[in-house]
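S.K.: test case, fold it:
(one chain, ligands or ions: 1)
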Amino acid sequence: MEITEKAPAKLNLFLDTPFNHPDGLPEWNMIMTSVDLADYVKIESIPGRTGIKVRTNTGFLPNDSRNLAYQAARVLQEKYQIRARVNIEIRKHIPVAAGLGGGSSDAAAVLRGLNQLWDLKLNNEELAKIGLTIDSDVPFCVYGHTAHVLGKGEKVIPLKKLPPMWVVIAKPKLSVSTPHIISKIEHQTLQHSNIKLMLDAIEHEDYDSICRYMGNVLEQVTGKEHPEVLKIKDKIKQFGADAAQMSGTGPTVFGICSKSTRAKHIVNSLKGFCHEVYLVRIL
Ligand code: ATP
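M.R.: Have a look, this model is predicted:
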């Protein structure tokens with residue numbers, strides 16, 4: 001029995017963190033959306049055997065229990081006492097440690113896939129709850145599309161489909177560790193933006209207001225350590241994007257455009273400035 005699941009990258013259209021919980025994890029207030037830059041995760045279940053094996057098409061990803069896809073299979077196997085061998089093959093297209101949630105999306109793909117293969121009949125809410133034990137972005141990745149995400153990542157409120165837009169994704173040649181950036185957050189010094197304006201903009205399918213009210217408070221943290229992230233953001237705006245912003249803890253920056261010709265111009269202009277550039281659409 002096998003199934004292949006698409007695991008799309010996520011972007012943070014809005015990201016704020018008002019405070020840390022006593023366990024040190026941030027409270028999030030985010031708007032996330034899925035884009036059509038995706039990994040493909042093939043999941044095979046062989047009944048009566050044991051173990052989990054992960055294979056990827058990149059040399060620099062762990063294949064053992066450090067892989068979030070492996071953790072997703074293990075948590076379901078243990079929770080539901082399933083005696084089956086799980087083989088996972090990940091075709092990676094999403095840049096790693098980029099702020100695009102690739103690992104979390106692979107984990108969510110395994111949860112969805114095994115839910116079907118093992119006929120567990122879990123709904124999204126139940127899968128998201130299990131996903132939270134793996135990473136804060138997994139609950140969103142279980143739902144996908146566009147959502148308001150709160151708490152430690154466990155509260156996912158689906159939002160309206162976004163107006164059509166083109167998205168230029170630029171990944172500089174540097175890796176940013178999410179736990180490191182989180183450890184550097186000083187909530188009282190951050191300039192917080194108003195998510196309500198952004199939620200209204202999405203509700204009214206108002207593209208111009210979406211561009212105006214996007215925001216990521218962590219640009220202030222990552223940008224201090226890696227000023228090149230902010231330079232790429234400026235370049236994307238200079239080249240004509242309607243808005244540009246860092247995703248997650250970075251270092252990836254994305255620009256949005258209503259016109260495809262403008263988006264293609266930005267992609268061409270970024271060559272030479274940026275290591276990896278993608279032109280994608282919102283799912
Ligand atoms: P975050 O969701 O924390 O913002 P990110 O998008 O910045 O993450 P990922 O690509 O998910 O980054 O990788 C973060 C870390 O997770 C890396 O150190 C990577 O080695 C590890 N990791 C584990 N499993 C995977 C996977 N399946 N794909 C990508 N990274 C993985």
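S.K.: how about the closest residue to the ligand within the stretch 151-283 of the chain, phi and psi?
M.R.: Closest to the ligand within the stretch 151-283 of the chain is residue 178: 3.5 Å, counting by Cβ to the nearest ligand atom. From N, CA and C alone the C-beta is placed, and that goes for glycine too. Backbone geometry at residue 178, expressed as degrees, to the nearest 10, gives phi -60, psi -50.
S.K.: swap in residue 3?
M.R.: Dihedral angles (degrees, to the nearest 10) for residue 3: phi -150, psi 150.
S.K.: sketch out the low-pLDDT regions of this structure for me.
M.R.: Under the criterion pLDDT under 70, no range of the chain is flagged.
S.K.: distance from the chain centre to the longest helix anywhere in it, please.
M.R.: Among the segments of the chain that qualify as a helix by DSSP state H, the longest is helix 102-117. When C-alpha coordinates are averaged (Cα atoms, centre = their mean, to the nearest Å), helix 102-117 and its chain have centres 14 Å apart.
S.K.: which other helices and strands contact it?
M.R.: Other elements packing on helix 102-117 under the criterion 3 or more Cβ pairs under 8 Å, 6 or more residues apart in numbering; DSSP states H and E are strand 2-16, strand 28-47, helix 68-79, strand 84-91, helix 124-132, helix 138-143.
S.K.: got the buried residues for that helix?
M.R.: Going by neighbour count (16 or more other Cβ atoms under 10 Å), the buried part of helix 102-117 is 102-115, 117.
S.K.: count of residues packed around residue 164?
M.R.: 11 (other Cβ atoms under 10 Å).
S.K.: re earlier: which among the buried residues of helix 102-117 are in contact with the ligand?
M.R.: 102-104, 106 (Cβ under 6 Å from any ligand atom).
S.K.: let me know the closest of those residues to residue 191.
M.R.: Nearest to residue 191 among those, counting by Cβ to Cβ, is residue 104 at 26.9 Å.
S.K.: how about the nearest residue to that closest one, chain neighbours excluded?
M.R.: residue 137 (3.6 Å; Cβ to Cβ, 6 or more residues apart in numbering).
S.K.: need phi/psi at the closest residue to residue 193 other than its chain neighbours.
M.R.: Nearest residue to residue 193 in three dimensions, chain neighbours excluded: residue 215, at 3.7 Å (Cβ to Cβ, 6+ apart). Phi and psi for residue 215, reported as degrees, to the nearest 10, are phi -180, psi 150.
S.K.: surely residue 215 meets residue 16?
M.R.: Yes: here residue 215 reaches residue 16: they are 7.2 Å apart, a contact under Cβ atoms under 8 Å.
S.K.: next, show the common contact partners of those two.
M.R.: residue 193 (Cβ atoms under 8 Å, 6 or more residues apart in numbering).
S.K.: what sits against residue 267?
M.R.: 168, 277, 279.
S.K.: tell me the SS of it?
M.R.: helix (DSSP: H, G, I helix; E, B strand; the rest coil).
S.K.: helix, strand or coil for residue 176?
M.R.: coil.
S.K.: contacting residues around it?
M.R.: 97-99, 222, 225-226, 249-251.
S.K.: now list the buried members of those residues.
M.R.: 97-99, 222, 226, 249-251.
S.K.: in the stretch 101-250 of the chain, which spans are strands?
M.R.: Counting by DSSP state E, counting those that start in this stretch, the stretch 101-250 of the chain has strands at residues 146-151, 155-158, 166-171, 215-216, 243-246.
S.K.: how about JSON lines for these, with mean neighbour count and distance to residue 122 added?
M.R.: Below are the strands of the stretch 101-250 of the chain laid out as JSON lines (neighbours: other Cβ atoms under 10 Å; distance: least, Cβ to Cβ, whole Å):
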{"stretch": "strand 146-151", "mean neighbour count": "19", "distance to residue 122": "18"}
{"stretch": "strand 155-158", "mean neighbour count": "16", "distance to residue 122": "15"}
{"stretch": "strand 166-171", "mean neighbour count": "24", "distance to residue 122": "31"}
{"stretch": "strand 215-216", "mean neighbour count": "24", "distance to residue 122": "32"}
{"stretch": "strand 243-246", "mean neighbour count": "24", "distance to residue 122": "33"}
